[in-house]
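1. My questions concern the predicted model and sequence given below.
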Amino acid sequence: MSIEVKEVSKIYGSQKALNEVSFSIKKGEIVGFLGPNGAGKSTMMKIITCFLPQSKGEVKVCGFDVSEDPMEVKKRVGYLPEHNPLYLDMYVREYLGFIAGLHGIKNKKERVAEIVKQVGLQVEQHKPIGALSKGYRQRVGLAQALIHDPEVLILDEPTTGLDPNQIVEIRNLIKSVGKSKTVMMSTHIMQEVEAVCDRVIIVNKGNIVADDSSQNIAVDSSKELVIKVEFGGAINQNELNAISGVTKVQQVEGSVWLIAATEDVRDAVFKFSVANETSVLEMQKVEQSLEDVFKSLTA
């Protein structure tokens with residue numbers, strides 16, 4: 001395993017930011033680490049990257065313990081934090097050369113040129129970082145995380161400040177990198193997770209509340225079946241709500257209704273329409289999106 005987290009807790013005074021969290025990530029896996037603000041995402045990432053010590057538990061990266069071998073861990077990890085720290089007075093190539101030197105990279109000029117091309121900084125490479133747009137500064141942050149060719153990449157909100165075209169480019173870059181590396185990324189953009197990640201871990205109030213592929217999470221986390229029905233005429237809401245298994249009905253417009261139930265009630269709804277001498281013009285199951293699941297698990 002590239003990342004192994006076992007029963008990790010982090011306590012700040014009386015506040016428990018992480019509560020005995022456990023998970024593992026294999027090489028070549030791209031994992032989305034999701035949660036509302038304050039859920040413990042950034043704290044977990046800082047522990048994995050040796051910026052914070054855990055209060056309890058064990059974390060290993062590529063077999064090295066973050067508490068016992070932090071330097072070995074840092075050699076193998078590339079990290080882009082949520083608040084991208086950059087030296088704004090330095091030029092792009094100068095800064096990347098400086099970072100390459102810290103990592104002891106040989107042939108620094110060649111590696112800097114390679115990474116500049118990889119993240120799309122060719123046009124801006126001779127400018128001071130302070131003169132760059134937020135999107136290009138984010139690319140510089142991604143470049144410094146990749147420059148030493150790490151085995152594990154930790155990305156905290158990697159597409160913050162990027163325009164739609166840049167987001168697609170960075171997504172493609174992350175997917176490409178993920179073929180040979182382990183990638184763990186935090187984001188609030190659900191479409192980004194569905195487009196990039198093989199797996200999703202959702203954390204809420206310091207606890208993991210879901211861990212699976214985005215497709216399986218949408219299926220397994222659905223506690224209710226929701227169907228959308230258009231009747232051929234007016235119906236009585238109370239009678240519709242009285243169908244066995246139905247938990248809630250909502251009129252969308254006219255004769256269109258949303259029906260939530262604990263079981264599949266489509267046959268019962270059809271029989272209800274016949275008994276009420278009306279027709280069913282349309283009936284379909286409403287699929288739950290990752291965003292719906294996220295809201296239900298973290299509300």
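-> Done, it's in.

2. does Ser214 really touch Val193, like I thought?
-> Yes - with contact defined as Cβ atoms under 8 Å, Ser214 reaches Val193; the gap is 6.3 Å. C-beta: built from backbone N, CA, C; applies to glycine.

3. Quick check: neighbours shared by these two?
-> Shared contacts of Ser214 and Val193 (Cβ atoms under 8 Å, 6 or more residues apart in numbering): 32, 200, 290.

4. how close does the last one sit to Leu34?
-> For Leu290, the distance to Leu34 under the criterion Cβ to Cβ, to the nearest Å works out to 9 Å.

5. With Val152 instead?
-> Separation of Val152 from Leu34 (Cβ to Cβ): 19 Å.

6. Among those two, which residue is more densely surrounded?
-> Applying other Cβ atoms under 10 Å to Val152 and Leu34 shows that Leu34 carries more neighbours, namely 29 against 21.

7. Pro70 touches Cys50, doesn't it?
-> Yes - here Pro70 reaches Cys50: they are 4.2 Å apart, a contact under Cβ under 8 Å.

8. give me every residue that touches the closest residue in space to Pro36 that isn't next to it in sequence.
-> Nearest residue to Pro36, sequence neighbours excluded (Cβ to Cβ, 6 or more residues apart in numbering): Thr298, at 4.9 Å. By Cβ under 8 Å, 6+ apart, the residues touching Thr298 are 35-36, 39, 202, 204, 209.

9. if we go to 10 Å?
-> Residues in contact with Thr298, defined by Cβ atoms under 10 Å, 6 or more residues apart in numbering, are 34-36, 39, 202-205, 209-210.

10. Pull up the gap between it and Asn165, please.
-> Distance, Thr298 to Asn165, by Cβ to Cβ: 30 Å.

11. Check for me that Glu282 belongs to a strand.
-> Yes - with DSSP: H, G, I helix; E, B strand; the rest coil as the criterion, Glu282 is part of a strand.

12. OK, contacts around it?
-> For Glu282, the contacting residues are 228-231, 255-256, by Cβ under 10 Å, 6+ apart.

13. the more surrounded of Pro70 and Cys50?
-> Between Pro70 and Cys50, counting by other Cβ under 10 Å, Cys50 is the more crowded of the two (20 against 16).

14. OK, contacts around that one?
-> Cys50 sits next to 59, 61, 64, 66-67, 69-74, 77, 79 when contact means Cβ under 10 Å, 6+ apart.

15. which of the contacts of Thr298 tops the neighbour count?
-> Counting by other Cβ under 10 Å, top hit in the contacts of Thr298: Leu34 with 29 neighbours.

16. Just the pLDDT for the residue most central in space within the chain.
-> Nearest to the mean C-alpha position of the chain, counting by Cα atoms, centre = their mean, stands Gly32 at 3.2 Å. pLDDT recorded at Gly32 is 94.

17. Would you double-check that it falls in a strand?
-> Yes - counting by three-state DSSP, Gly32 is found in a strand.

18. isn't it right up against Val200?
-> Yes - using Cβ atoms under 10 Å, Gly32 is in contact with Val200, at 4.7 Å.

19. one step back: same list (the contacts of Thr298) but as a markdown table, adding distance to Val123 and secondary structure.
-> Below are the contacts of Thr298 laid out as a markdown table (distance: Cβ to Cβ, whole Å; DSSP: H, G, I helix; E, B strand; the rest coil):
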| residue | distance to Val123 | secondary structure |
| --- | --- | --- |
| Leu34 | 33 | strand |
| Gly35 | 35 | coil |
| Pro36 | 37 | coil |
| Ala39 | 37 | coil |
| Ile202 | 38 | strand |
| Val203 | 38 | strand |
| Asn204 | 41 | strand |
| Lys205 | 43 | coil |
| Val209 | 43 | strand |
| Ala210 | 41 | strand |
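
20. Dump the residues you listed to a markdown table, plus distance to Lys175.
-> Putting the contacts of Thr298 into a markdown table (distance: Cβ to Cβ, whole Å) gives the following:
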| residue | distance to Lys175 |
| --- | --- |
| Leu34 | 18 |
| Gly35 | 22 |
| Pro36 | 26 |
| Ala39 | 25 |
| Ile202 | 21 |
| Val203 | 23 |
| Asn204 | 27 |
| Lys205 | 31 |
| Val209 | 26 |
| Ala210 | 22 |
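
21. and which of those is nearest Met184?
-> Of all the contacts of Thr298, the one sitting nearest Met184 is Leu34; the distance, using Cβ to Cβ, is 11.2 Å.

22. Does that closest one touch Val193 like I think?
-> Yes - using Cβ under 10 Å, Leu34 is in contact with Val193, at 6.6 Å.

23. Please enumerate the shared neighbours of these two.
-> With Cβ under 10 Å, 6+ apart, Leu34 and Val193 have common neighbours 185-187, 200, 202, 214, 290, 294.
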